[in-house]
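Q: quick check, what structure comes out for this input:
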Amino acid sequence: MGRLVLIAVRNLLQHKRRTFLVGGATVAVTIMLILLLGLANGIEQTMLRSATTLSTGHVNVGGFFKITSGQAAPVVTKFQAVRDFVLQNVPEVRLAVDRARGWGKIVSDKSSKQVGIVGVDVQAEKDFKGVLQLVSGNLDDLAQPATCLIFESQATRLALQVGDVATLSTPTFRGAYNSMDVKVVAIAKDVGLISSFNIIVQKQTVRDLYLLDDNATGAIQLYLEDPTKTEEVAERLRKLLAEHYPVIDAQSTPFWQKFQVVTREDWTGQKLDVSTWKDELSFVAWVLDLVRGVTTAFTSVLMIIILIGVMNSMWMSIRERTREIGTLRAIGMGKSRVLLMFLMEASLLSVVATLVGAGLGIGLAGIINAAQVKVPQALMLFLMRDTLHLAVTPAAVAVSVLVISGVTTLFALYPAYRATRLKPITAIHDVG
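A: Numbers count the residues shown, from 1 in each chain. Sure thing, here's the model as predicted:
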């Protein structure tokens, strides 16, 4: 085996130009694959962290309450009993918080805007400070009644500053309209689409706006020790809750898109709903699918180019070494050893090139992250941050190296096999 490796190394060094071209292309593809995978992972991580802090848990227990069959409200009544039941039966839960939900209009002296109203308790939810970047104001002031936090683009449109008063207006769950004034205590940087249509208020503000008592909330957001178990936990929880409470059918849509379905159904009272963070963010999840699709398509095209180059390189090597192959076969080298000799050459080139590409890709990703590259406003809506973030994981690096080196070695198998079929006497007398 050692001699075959030595032969492969010498042949690669002897044909430096060919080795450089094929190896360089492999390095480039590896770098591109790692960067694209890093971009996809970065979007997913940012989406998960921002969204699960601002608008959804890993798993959510929400629901709808219908006073009449044609009028639904996103409310969970007697939520404390539901929360206790969940905590007793789902050991994977790390943290459970309840949030009030609403939908209405925020009105300033200059303009108005339809928004989702998210009621939180900032004193209980410390993660808020780690996600939101304030432009002005103090997040702790959101603990006061009749206060709100808005985002930068909303502040610009509504011409609001910290200290200004805006009016929230919404139909209550009984059909009558109610409104109340709220003071802007903080303005935060935009975090993508989530911030374009959501404002944050003190939890009691939502209850006062909708004339609810302390036994009602919008949703119970569950944060898991292991977020990868989200789908498994959600499915199990849905079945457990269905044994004790009315539960609506599973739908892979955010809660506000379920109103039309729920209002058409002929029932009254309370029904619970179990959703995941992916369900609640399905309206932007296509961005992640698009990035992954582009990654696959782009990598496939580059891989085809590399494979053509590898096969051509192998054919040229075999043609140039026909007499060598004949001599080796004549002195007793078996077909399997000839096959292994050429596979070793292709494998060595691809493995070294992918490892170099992986190292350069990791380094380039680090440079991009350190440079805090600003992204256009249109991209920021989907990336959920104002800078480009690449999350290169060990798994992504391993996949890149194994896939590229494995596929290129595999496609070198056919030329190598054809080399073993050369008859020794014919190969020795080949005049090139």
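Q: could you use CA atoms for every contact and neighbour count after this?
A: Will do.
Q: what about the nearest residue to Thr276 once chain neighbours are set aside, how many residues nearby?
A: Spatial nearest neighbour of Thr276, chain neighbours left out: Val59 (4.4 Å); criterion: Cα to Cα, 6 or more residues apart in numbering. By the measure other Cα atoms under 10 Å, the count of residues near Val59 is 29.
Q: quick one: residues contacting Val59.
A: 221-224, 230, 233-234, 274-277 (Cα atoms under 8 Å, 6 or more residues apart in numbering).
Q: show me what it bridges to in the sheet.
A: On the basis of DSSP bridges, Val59 is bridged to Leu222, Thr276.
Q: quick thing: my sequence starts at 641, can you match it?
A: Okay, using 641 as the starting number, the last item reads as Val699.
Q: from Asp913, how far out is it?
A: Val699 is 10 Å from Asp913, where distance means Cα to Cα, to the nearest Å.
Q: closest to Val934 among the contacts of Val699?
A: For those, the minimum distance to Val934 (Cα to Cα) is 23.5 Å, reached by Trp917.
Q: neighbours of that closest one, just the number please.
A: Residues near Trp917, counting by other Cα under 10 Å: 25.
Q: cool, Ala816 as well?
A: 9.
Q: farthest pair in the contacts of Val699?
A: Greatest spacing in these, by Cα to Cα: Leu864 and Val914 (14.5 Å).
Q: which one's more surrounded, these two?
A: More crowded of Leu864 and Val914, by other Cα under 10 Å: Val914, with 24 against 20.
Q: mind checking the SS state of the more buried one?
A: Counting by DSSP: H, G, I helix; E, B strand; the rest coil, the backbone at Val914 sits in strand.
Q: contacts only, for it.
A: Per Cα under 8 Å, 6+ apart, neighbours of Val914: 699-703, 874, 877-878, 890.
Q: just the buried ones from those, in PyMOL syntax?
A: Applying 16 or more other Cα atoms under 10 Å to the contacts of Val914 leaves a buried subset, and the PyMOL line that selects it is:
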select buried, resi 699+700+701+702+703+874+877+878
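Q: which helix or strand contains the nearest residue to Cys788 once chain neighbours are set aside?
A: In space, and not counting its chain neighbours, Cys788 is closest to Val841: 4.2 Å by Cα to Cα, 6+ apart. If you go by DSSP states H and E, Val841 is part of strand 838-842.
Q: can you list the strands that that strand pairs with?
A: When DSSP bridges is applied, strand 838-842 pairs with strand 752-760 (parallel), strand 787-791 (antiparallel).
Q: tell me which stretches of the stretch 641-790 of the chain form helices.
A: 642-654, 656-694, 719-729, 768-771 (DSSP state H, counting those that start in this stretch).
Q: which of those helices sits closest to Leu983?
A: Nearest to Leu983 among the helices of the stretch 641-790 of the chain is helix 642-654; the distance by Cα to Cα comes to 8.9 Å.
Q: give me the mean pLDDT for that closest one.
A: Helix 642-654 comes out with an average pLDDT of 67.
Q: host element of the residue nearest to Val649 when sequence neighbours are not counted?
A: Leaving aside its sequence neighbours, Val649 sits nearest to Glu985 (Cα to Cα, 6+ apart; 7.1 Å). Assigned by DSSP H and E, Glu985 belongs to helix 975-1011.
Q: any idea how far the closest residue to Ala856 other than its chain neighbours lies from Lys823?
A: Distances taken as Cα to Cα, 6+ apart place Thr717 nearest to Ala856, at 4.4 Å, with adjacent residues excluded. Computed as Cα to Cα, the Thr717 to Lys823 distance reads 28 Å.
Q: list the contacts for Asp848?
A: Contacts of Asp848 by Cα under 8 Å, 6+ apart: none found.
Q: quick check: which element contains it?
A: Counting by DSSP H and E, Asp848 is found in helix 843-850.
Q: angle of that helix against strand 787-791?
A: Relative orientation of helix 843-850 versus strand 787-791 (axes from the mean of the first three to the mean of the last three Cα atoms, to 10 degrees): 100 degrees.
Q: pLDDT of helix 843-850, averaged?
A: Rounded mean pLDDT across helix 843-850 is 88.
Q: helix or strand right after it?
A: strand 856-857.
Q: pairing partners for that following strand, with directions?
A: Partners of strand 856-857 in its sheet, by DSSP bridges: strand 716-717 (antiparallel).
Q: need the contact partners of the partner strand.
A: For strand 716-717, using Cα under 8 Å, 6+ apart, the contacting residues are 702-705, 855-859, 910, 912.
Q: got a quick ChimeraX command for the buried subset of those?
A: A single ChimeraX command is used to select the members of the contacts of strand 716-717 judged buried by 16+ other Cα under 10 Å:
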select :702,703,704,705,856,857,858,859,910,912
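Q: could you redo the contacts of strand 716-717 as a markdown table and give each row pLDDT and distance to Ala680?
A: Shown next, in a markdown table, are the contacts of strand 716-717 (pLDDT from 0 to 100; distance: Cα to Cα, whole Å):
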| residue | pLDDT | distance to Ala680 |
| --- | --- | --- |
| Gly702 | 91 | 29 |
| Gly703 | 88 | 32 |
| Phe704 | 89 | 34 |
| Phe705 | 88 | 38 |
| Asn855 | 89 | 41 |
| Ala856 | 89 | 38 |
| Thr857 | 90 | 34 |
| Gly858 | 89 | 31 |
| Ala859 | 92 | 29 |
| Gln910 | 91 | 39 |
| Leu912 | 94 | 33 |
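Q: out of the contacts of strand 716-717, flag the one nearest to Pro894.
A: Gly702 (10.7 Å).
Q: measure that closest one to Leu912 for me?
A: Using Cα to Cα, Gly702 is found at 6 Å from Leu912.
Q: next one: Leu782
A: 29 Å.
Q: for the nearest residue to Gly803 once chain neighbours are set aside, what are its contacts?
A: Computed as Cα to Cα, 6+ apart, the closest residue to Gly803 that is not its neighbour in sequence is Val824, at 5.4 Å. Val824 is in contact with 787-790, 800-806, counting by Cα under 8 Å, 6+ apart.
Q: equivalent analysis for Leu789, please.
A: 779, 782, 824-828, 839-841.
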